[in-house]
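Asks: Next one to model:
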Amino acid sequence: MRNKTTWATAAVTGVVSLLTLGAVRRRLILSRAKHRSLSGHVRMAKRVAGLIPFYAYDERRFFRADDPTEDVAATREASFRRLSALYAERFAKSVALTAAAREGLSDLQFTGAYRVPFQFSRYVREHLPVGAFMESSDGVTLTDLDGNVLYDLAGSYGANLLGHDVYKACIAEAVEEAGRLGPVLGSYHPIVADNVARLRALSGMDEVSFHMSGTEAVMQAVRLARYHTGRPRIVRFAGAYHGWWGEVQPGIGNPVPADRTLTLADMSDKALAALASRRDVACVLVNPLQALHPNKGAPADSALVDSSRAAGVDRAAYGAWLRRLADTCRANGIVLIFDEVFTGFRLAPGGAAEYFGAKPDMVTYGKTLGGGLPVGVICGPHALMKRYRDDRPGDICFARGTFNSHPYVMGAMNAFLSRFESAEVRALYDGLDERWNGRAATLNARLAEAGVPVAVANLSTIWTVTFAAPSPYNWMLQYYLRAEGLHLSWVGTGRLIFSLNYDDADFAEVAERFVRAAHAMQDDQWWTHDPALTDKTIRRRLLREMFAARRKG
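Replies: Next comes the predicted model:
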């Protein structure tokens with residue numbers, strides 16, 4: 001009896017040991033699959049963010065953050081005051097309404113506070129405020145409350161693909177088409193059936209589901225993947241954005257831990273190994289925009305504390321990675337979801353699947369597809385889109401929204417899709433990459449010729465600005481660009497978004513203004529620095545300042 005007990009104990013111990021070793025092995029594989037930066041370690045990123053104290057530069061330090069000579073500091077100060085006076089005169093009405101609305105509009109409080117690095121933010125808000133209101137749009141331009149006509153480089157956060165006039169026309173047609181029904185919800189306007197047919201053809205998927213935002217579409221896609229796989233975890237890649245829903249935004253920005261979300265390194269063999277080793281992953285989310293800056297977060301001037309921002313696209317390499325990822329997911333029962341809320345229809349008529357040559361299991365759309373109105377869409381196969389089980393009637397995957405399939409939204413979508421499928425719009429895709437890559441190369445050549453430490457990188461019509469000289473003042477370029485009549489989103493030079501209706505003359509004017517702005521900033525000594533200054537010394541100086549601020553706090 002004793003021998004049997006001993007044997008049973010040993011067997012149980014052995015099984016437990018094997019299970020423990022397996023768990024340790026999977027954990028080690030997962031750790032190796034994370035990117036080494038804070039973008040790949042979201043818990044650590046959140047801890048670090050929580051340790052950073054607020055402190056603000058006073059007027060003297062504001063112009064001397066890199067310890068320049070007094071002559072350089074004086075030149076900067078004089079130029080800043082000239083720029084401040086120009087803004088006060090040129091943008092008076094727009095800035096005044098923004099200031100009045102800011103007290104009650106929390107969105108403005110957030111964007112205003114995070115337009116530049118926080119050390120500089122208070123002084124900038126006081127002396128160089130930016131207006132948030134516009135009066136009208138036309139072609140590729142916007143007109144503000146003061147009558148300033150600005151070239152639009154904000155692109156309505158990616159929604160503006162075909163130009164402002166197209167979306168105004170889509171909305172007008174939607175009101176006319178759906179006006180007799182009006183905002184009747186729950187029942188469908190007949191145009192919904194046509195939208196479904198068009199989207200099935202565009203996506204190559206079996207079924208379609210409508211929602212009110214891209215974030216909602218991603219939420220439901222993930223929920224469906226979990227429902228059909230019976231697995232809890234989701235995977236995203238370092239730096240990728242999939243909306244503000246908590247489980248796809250772990251770390252900074254999310255007040256609670258997203259414990260069922262794994263953040264892995266993009267374009268990594270180790271990430272593929274981690275996926276192959278697990279049986280608890282329901283889906284993998286891919287934002288194709290990450291091809292421009294793999295494993296890095298969305299760029300914004302609020303993070304421009306030095307000149308380390310980098311970007312660039314290797315289309316062949318990223319396409320090969322997506323195909324390997326798709327193979328790995330399918331071999332392991334994982335649902336691959338392309339989040340095309342931002343990039344949908346911008347890279348190619350068939351989206352990232354066509355552009356990179358990789359097919360997802362599901363795809364989400366939003367932004368431009370709404371024809372100027374809010375929308376979110378999921379497309380997928382019958383097996384993944386079904387929300388109930390025939391053999392278990394109580395087991396459902398619920399998702400409904402009051403305003404899903406709103407008649408006006410469906411009308412605007414249909415108007416957009418009709419234009420999108422036209423020969424005129426499809427012609428815009430002929431040589432699209434060559435055209436926009438050529439424009440980026442032209443601008444880079446002009447910037448190099450001007451001798452300014454600035455360059456652009458692009459994924460088709462989505463651009464970002466990089467800087468070559470070590471400087472804590474690169475974020476100032478956004479204000480020089482605005483002074484030259486270029487409209488930017490609140491993230492500044494981090495993301496420039498062109499609509500496809502920019503012709504050569506429009507772009508030539510933008511390039512001229514861009515170079516002029518960079519040249520003016522250089523003349524005003526914002527990039528003048530001690531030859532010994534490096535990005536590393538800038539970051540070390542910031543760390544010393546933060547430690548000092550924490551001690552005072």
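Asks: For the stretch 451-553 of the chain, which segments count as helices?
Replies: Applying DSSP state H, counting those that start in this stretch to the stretch 451-553 of the chain gives helices spanning 477-483, 504-523, 535-552.
Asks: now for those helices, which one comes closest to Ser121?
Replies: Checking those against Ser121 by CB to CB gives helix 477-483 as the closest, at 13.0 Å. For glycine as for every other residue, the C-beta is placed from the backbone atoms N, C-alpha and C.
Asks: how about Pro299, what does it touch?
Replies: Neighbour list for Pro299: His293, Arg309, Ala311, Thr464, Val491, Gly494, Arg495 [criterion: CB atoms under 8 Å, 6 or more residues apart in numbering].
Asks: These into TSV, with extra columns for distance to Cys329?
Replies: Output for those, formatted as TSV (distance: CB to CB, whole Å):
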residue	distance to Cys329
His293	23
Arg309	31
Ala311	26
Thr464	29
Val491	31
Gly494	30
Arg495	29
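Asks: which of the helices of the stretch 451-553 of the chain sits most buried?
Replies: Most buried of the helices of the stretch 451-553 of the chain, by mean neighbour count (mean count of other CB atoms under 10 Å): helix 477-483, with a mean of 24.
Asks: helices and strands around that helix, which ones?
Replies: Helices and strands touching helix 477-483, by 3 or more CB pairs under 8 Å, 6 or more residues apart in numbering; DSSP states H and E, are helix 70-90, helix 504-523.
Asks: Just put these in TSV and tack on mean pLDDT.
Replies: Formatted as TSV, these follow (pLDDT from 0 to 100):
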stretch	mean pLDDT
helix 70-90	98
helix 504-523	98
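Asks: Can you show me the strands along the stretch 151-300 of the chain?
Replies: According to DSSP state E, counting those that start in this stretch, the stretch 151-300 of the chain carries its strands in the segments 207-211, 233-237, 261-264, 281-286.
Asks: Redo the helices and strands packed on helix 477-483 as TSV? Include distance to His35.
Replies: Shown next, in TSV, are the helices and strands packed on helix 477-483 (distance: least, CB to CB, whole Å):
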stretch	distance to His35
helix 70-90	36
helix 504-523	32
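Asks: Of all those helices, which one is nearest Val456?
Replies: helix 504-523 (8.5 Å).
Asks: shaky segments in the stretch 401-550 of the chain?
Replies: Of all residues in the stretch 401-550 of the chain, none has pLDDT under 70.
Asks: What segments of it are strands?
Replies: Ranges of strands in the stretch 401-550 of the chain, per DSSP E, counting those that start in this stretch, are 454-459, 462-467, 486-487, 496-497.
Asks: Mind jotting down where the helices sit in the stretch 151-300 of the chain?
Replies: 164-178, 191-203, 214-229, 269-277.
Asks: In JSON lines, list these along with mean neighbour count.
Replies: Formatted as JSON lines, the helices of the stretch 151-300 of the chain follow (neighbours: other CB atoms under 10 Å):
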{"stretch": "helix 164-178", "mean neighbour count": "19"}
{"stretch": "helix 191-203", "mean neighbour count": "18"}
{"stretch": "helix 214-229", "mean neighbour count": "23"}
{"stretch": "helix 269-277", "mean neighbour count": "19"}
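Asks: what about the ones you listed, which gets the closest to Arg439?
Replies: Of all the helices of the stretch 151-300 of the chain, helix 164-178 sits nearest to Arg439, with 19.9 Å by CB to CB.
Asks: Between helix 191-203 and that closest one, find me the angle.
Replies: Going by axes from the mean of the first three to the mean of the last three CA atoms, to 10 degrees, helix 164-178 is angled at 140 degrees with respect to helix 191-203.
Asks: With respect to Asn444, which of the helices of the stretch 451-553 of the chain lies nearest?
Replies: Among the helices of the stretch 451-553 of the chain, helix 504-523 sits nearest to Asn444 (CB to CB), with 10.0 Å.
Asks: okay, now Ala469: neighbour count?
Replies: Using other CB atoms under 10 Å, Ala469 is surrounded by 17 other residues.
Asks: cool, Ser422 as well?
Replies: If you count neighbours by other CB under 10 Å, Ser422 ends up with 10.
Asks: do the one 10 residues further on as well
Replies: If you count neighbours by other CB under 10 Å, Leu432 ends up with 17.
Asks: what do you get for Arg426?
Replies: Arg426: 11 neighbours (other CB under 10 Å).
Asks: how distant is stretch 342-361 from the center of its chain?
Replies: Averaging C-alpha positions (CA atoms, centre = their mean, to the nearest Å) puts stretch 342-361 16 Å from its chain's average.
Asks: Quick check: mean pLDDT of that stretch?
Replies: Mean per-residue pLDDT for stretch 342-361: 96.
Asks: Report the secondary structure state of Leu336.
Replies: Three-state call for Leu336 (DSSP: H, G, I helix; E, B strand; the rest coil): strand.
Asks: Phi and psi next, for the residue lying closest to it once chain neighbours are set aside.
Replies: Closest residue in space to Leu336, ignoring its immediate chain neighbours: Cys329 at 4.3 Å, by CB to CB, 6 or more residues apart in numbering. Backbone torsions of Cys329, given as degrees, to the nearest 10, read phi -60, psi -50.
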